[in-house]
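Visitor: 3D model of this:
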Amino acid sequence: MNRRWLTRFFLLFFWIGCFYPPQARAEGCFGVNVDALDMDSLRNNDYVAAYLTSRSPGIYVEKYISNSGEIAARVRLTVTRMDIGQLLFDKNYGFQSGLFRSEDIYLPYGQNYAVPYLITLYVENWVYAFPYMQLMPRLAYNGACTYGAMLGDYQPALAYSWFMGTMLDLDQLRVQGAYSVPICASNAFIVGDAVITLSGERLSVTLRFLPEANVELHQSLVYCITDVAQLHTAEPSRLSQQAYQPGEAIDVSGARSALLYMPLSISYDSADLNGFSYDLYGDAWLDRQIALWNENLLSAYEQPLIMPDPEPAYETGYPAAMQDEWAFETQASETEDDEDGTGLPEFQSEDMYPQELP
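Guide: Reported below is the predicted structural model:
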């Protein structure tokens with residue numbers, strides 16, 4: 001290897017480091033160019049977050065080996081999941097020259113947290129090791145609603161996926177003025193809260209999302225049902241109750257409680273969000289939700305029925321109006337027309353036909 005070749009070699013490395021970004025996002029995968037990495041900054045969290053972190057399902061690695069097909073080096077690549085110490089990928093590529101690029105390596109996602117990986121590239125006796133952080137992907141068009149009992153736990157016939165509804169104590173809200181309820185998404189994360197305000201007899205709902213969730217709202221429907229006995233389905237397309245939008249005023253005059261049902265469709269980032277758990281039998285607040293539902297349901301059956309006063313009955317068994325219209329005289333059984341002794345005039349067949357006037 002002469003000095004002229006070495007000079008060209010290092011100039012090429014300098015050009016790559018200056019103009020080729022450390023990472024490039026191919027469709028569906030996250031690419032890392034090893035020559036462009038600052039190896040002295042790999043322990044810096046900010047550097048790793050900026051250049052070695054993504055939500056992509058896969059990763060690939062690139063490195064310049066040589067500028068001649070006659071000069072080749074043996075290459076090996078490994079991928080290790082660091083939190084559990086599991087080797088996920090180990091491949092020998094044999095002798096490589098020019099620009100080496102691995103295939104797309106798809107990695108399994110963790111649950112609701114970032115997964116740390118160690119990527120190690122061996123080029124002959126040189127070892128290039130660097131971290132890679134895989135974040136949870138952005139969740140698109142997922143369902144969300146306010147926290148409360150699942151609709152199927154209020155009434156089994158209302159079961160609709162995992163969606164929940166919040167029973168509002170309107171008497172308490174009239175005194176308190178406003179309170180907030182968490183907004184849950186994907187039956188897994190808290191993405192914000194809903195502020196419920198009652199001014200006079202007008203109720204309104206305002207949505208507040210966490211900045212780290214980066215929420216995109218696709219659909220928002222607000223139902224406030226003051227008589228839960230009238231709720232027969234939870235599918236928005238089949239609901240007969242009026243749908244409102246967040247911020248709209250809803251009249252709740254005279255109601256003591258109501259079901260707030262708010263099916264949302266959102267896209268959001270879940271990596272930095274807190275999860276939530278649902279335990280119908282171990283949560284005092286959910287116990288109160290069920291109690292409010294039952295109180296609302298029973299109130300519909302405790303209302304007195306108001307019936308109109310009946311018309312007074314007479315001896316004939318007909319109301320007075322019918323008595324006046326269809327009054328008749330009883331015929332004496334001794335009349336000449338009562339030959340059969342029934343007390344009724346004898347029926348003449350010719351009476352069925354028109355008679356000639358005299």
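
Visitor: for the rest of this, base every contact and every neighbour count on C-alpha atoms.
Guide: Noted.

Visitor: so where do the strands sit in the stretch 101-250 of the chain?
Guide: 105-106, 115-123, 126-134, 138-146, 149-150, 164-169, 178-185, 189-199, 202-209, 216-220, 223-225, 250-251 (DSSP state E, counting those that start in this stretch).

Visitor: then the third one to PDB, C-alphas only?
Guide: Pointing back at strand 126-134 there. Output in PDB follows, covering the C-alpha atoms of strand 126-134 (Å, rounded to 0.1, in the frame of the first residue of the first chain):
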ATOM      1  CA  TRP A 126     -11.300  -3.400  13.500                       C
ATOM      2  CA  VAL A 127     -14.300  -3.300  15.800                       C
ATOM      3  CA  TYR A 128     -17.000  -0.600  15.500                       C
ATOM      4  CA  ALA A 129     -19.600  -0.900  18.300                       C
ATOM      5  CA  PHE A 130     -22.400   1.700  18.800                       C
ATOM      6  CA  PRO A 131     -25.700   1.800  20.600                       C
ATOM      7  CA  TYR A 132     -29.100   2.000  19.000                       C
ATOM      8  CA  MET A 133     -32.400   2.900  20.700                       C
ATOM      9  CA  GLN A 134     -35.600   1.700  19.300                       C
END
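
Visitor: and that strand, what's buried?
Guide: By neighbour count on 16 or more other CA atoms under 10 Å, the buried set for strand 126-134 is 129-134.

Visitor: ok, the residues you listed vs Asp40, which is closest?
Guide: Nearest to Asp40 out of the buried residues of strand 126-134 is Phe130 (CA to CA; 10.5 Å).

Visitor: isn't that closest one up against Leu42?
Guide: Yes. In this structure, Phe130 is within contact of Leu42 by CA atoms under 8 Å, at 6.6 Å.

Visitor: roughly how far does the most centrally placed residue in the chain sit from Ser161?
Guide: Residue closest to the average C-alpha location in the chain (CA atoms, centre = their mean): Gly143, at 1.3 Å. Between Gly143 and Ser161 the distance, using CA to CA, to the nearest Å, works out to 10 Å.

Visitor: ok, Ser265 next?
Guide: Ser265 is 13 Å from Ser161, where distance means CA to CA.

Visitor: neighbour-wise, which of the two wins?
Guide: Ser265 (19 against 13; other CA atoms under 10 Å).

Visitor: just say helix, strand or coil for the more buried one.
Guide: Assigned with DSSP: H, G, I helix; E, B strand; the rest coil, Ser265 falls in the strand class.

Visitor: low pLDDT regions in this protein?
Guide: For the chain, the stretches flagged by pLDDT under 70 are 1-27, 68-70, 109-112, 300-358.

Visitor: spatially nearest residue to Asn92, not counting backbone neighbours?
Guide: Excluding its sequence neighbours, the residue lying closest to Asn92 (CA to CA, 6 or more residues apart in numbering) is Arg76, at 4.3 Å.

Visitor: ok, Leu99 next?
Guide: Once flanking residues are discounted, Leu99 sits nearest to Tyr64: 4.3 Å by CA to CA, 6+ apart.

Visitor: just to revisit the earlier point, the residue nearest to Asn92 touches Asn125, doesn't it?
Guide: No. Using CA under 8 Å, Arg76 is not in contact with Asn125; the gap is 10.7 Å.

Visitor: neighbour count: those two, which is higher?
Guide: Taking other CA under 10 Å, Arg76 and Asn125 do not tie; Arg76 has more neighbours (19 against 8).

Visitor: of the strands of the stretch 101-250 of the chain, which is nearest Asp279?
Guide: Evaluated with CA to CA, the strands of the stretch 101-250 of the chain place strand 149-150 nearest to Asp279, the distance being 9.2 Å.

Visitor: strands paired with the closest one, and their directions?
Guide: Paired neighbours of strand 149-150 in the sheet (DSSP bridges): strand 164-169 (antiparallel).

Visitor: next, the angle strand 189-199 makes with the partner strand.
Guide: Taking axes from the mean of the first three to the mean of the last three CA atoms, to 10 degrees, one finds strand 164-169 and strand 189-199 inclined to each other by 30 degrees.

Visitor: centre of the chain to stretch 31-40, how far?
Guide: Relative to the centre of its chain, stretch 31-40 is centred 40 Å away, using CA atoms, centre = their mean, to the nearest Å.

Visitor: got the buried residues for that stretch?
Guide: So for stretch 31-40, counting by 16+ other CA under 10 Å, buried means 31-37.

Visitor: quick one: which of these is nearest Trp293?
Guide: The closest of the buried residues of stretch 31-40 to Trp293 turns out to be Gly31 (CA to CA; 53.7 Å).

Visitor: surely the closest one and Ser56 touch.
Guide: No. If you go by CA under 8 Å, Gly31 and Ser56 don't touch, sitting 9.7 Å apart.

Visitor: nearest to Asn214 among the buried residues of strand 126-134?
Guide: Looking across the buried residues of strand 126-134 and measuring by CA to CA, the closest to Asn214 is Gln134, at 18.0 Å.
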